[in-house]
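[1] mind folding the following:
(chains A and B)
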Amino acid sequence: AQSVTQPDIHITVSEGASLELRCNYSYGATPYLFWYVQSPGQGLQLLLKYFSGDTLVQGIKGFEAEFKRSQSSFNLRKPSVHWSDAAEYFCAVGAENAGNMLTFGGGTRLMVKP
Amino acid sequence: DAGVIQSPRHEVTEMGQEVTLRCKPISGHNSLFWYRQTMMRGLELLIYFNNNVPIDDSGMPEDRFSAKMPNASFSTLKIQPSEPRDSAVYFCASSLQGPAYGYTFGSGTRLTVV
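    Predicted coordinates:
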C-alpha cells in the first residue's frame, strides 16, 4: 500500500521569502501525486498534480512541485511567499491498484511573518 | 459548476441527539468520500462510495455512524446517538473514476456536540 510523509508539521517563513514543503511517498510503481491547500475554515483545494510527463509541474497561485523518483519525493515550492499563502498544505498519493483512493499526508501548517 | 455542496455549514447539537450531514457531489463524478478532520487525528477517511455503492467503510468509527448514497447526486452521513468526541469538521469529496483526477472537496460541516 502507498503511504505519504510530510516531515514538517509547522513551517514559518517571512513574506517574500522562498518556500519549499517536503513530501515523501512510498509506492512501488509510478504514483499519482497531488498537493492540496486548506485555508482556515475551508475545504481542501487542489494546487497541482503529477502522474506522467514533465517532472516539474506548475499549479495555481504560483506554486510548482517537482517529482523526483530517485528520492521518492514531490516537494512543493514557491519563489516568493505572500501573506495569503498561510494555510495548511497536504500531499497525497494515488495508485492504479487503489482505484480512486488517495492517501494523504499529515499536513504542513505554513505561517507567514510580515 | 457549483462544486461539492455540503449542508449544514455548522451544526451544534446536544449529546444523544441524531445528526445528519448532507452532501451533493459534482454532477458526473462517480466516487464520493466522507472525511473527518480533527486537530488530534488529522484527516481521516470514514467511507467511500463508487457508483453509489459503499466500497470501504473501515474508517467508520462505530455503529453510531452510518452513511448512505441513495442516488448519484446525494449522500448523507448520520450519527446516532451523537457524543462530544464526534465534534469535528466533516468533509465530503467527489471525483471522477481513476487515480489521475484527484478529489474536489466541499467546504465542510463543523459539528459541535455539547
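[2] and the pLDDT at B:H29?
    For B:H29, the pLDDT comes out at 95.
[3] and it, how close does it get to chain A?
    Using CB to the nearest CB, to the nearest Å, we find B:H29 at a distance of 10 Å from chain A. C-betas here are computed from N, CA, C, even on glycine.
[4] was I right to think that residue contacts B:L96?
    Yes - judged on CB atoms under 8 Å, B:H29 makes contact with B:L96 at a distance of 5.7 Å.
[5] more neighbours: which of these two?
    Ranked by neighbour count (other CB atoms under 10 Å in any protein chain shown), B:H29 and B:L96 place B:H29 first, with 19 against 15.
[6] what's the burial count for the residue nearest to B:Q97 when sequence neighbours are not counted?
    Closest residue to B:Q97 apart from its sequence neighbours, by CB to CB, 6 or more residues apart in numbering or on different chains: B:N30 at 5.5 Å. As a burial measure, B:N30 scores 16 neighbours (other CB under 10 Å).
[7] what residue ranges in chain B score low on pLDDT?
    B:1 (pLDDT under 70).
[8] mind listing the strands for the chain?
    I'll assume chain A. Per DSSP state E, chain A carries strands over the ranges A:3-5, A:10-14, A:19-21, A:24-26, A:32-38, A:44-50, A:56-58, A:64-68, A:73-78, A:87-94, A:102-104, A:108-113.
[9] wrong chain, I was asking about chain B
    B:5-7, B:10-13, B:19-24, B:31-38, B:42-50, B:53-56, B:65-71, B:74-79, B:88-95, B:104-105, B:109-113.
[10] please name the residues that touch the residue minimising distance to the centre of chain B.
    In chain B, the C-alpha nearest the mean C-alpha coordinate belongs to B:W34, at 3.2 Å (CA atoms, centre = their mean). Listed by CB atoms under 8 Å, 6 or more residues apart in numbering or on different chains, the contact partners of B:W34 are B:C23, B:L45, B:L46, B:I47, B:Y48, B:A67, B:S75, B:L77, B:Y90, B:F91, B:C92.
[11] quick check: the second one touching B:S31?
    No - B:L45 is not in contact with B:S31 according to CB under 8 Å; the separation is 12.0 Å.
[12] and for the residue nearest the centre of chain A, nearest residue in space, chain neighbours not counted?
    Per CA atoms, centre = their mean, the C-alpha nearest to the average position across chain A is that of A:W35, at 3.5 Å. Counting by CB to CB, 6+ apart, A:L47 is the residue found nearest to A:W35 once chain neighbours are left out, at 4.4 Å.
[13] wait, that neighbour touches A:Q38, no?
    No - using CB under 8 Å, A:L47 is not in contact with A:Q38; the gap is 10.4 Å.
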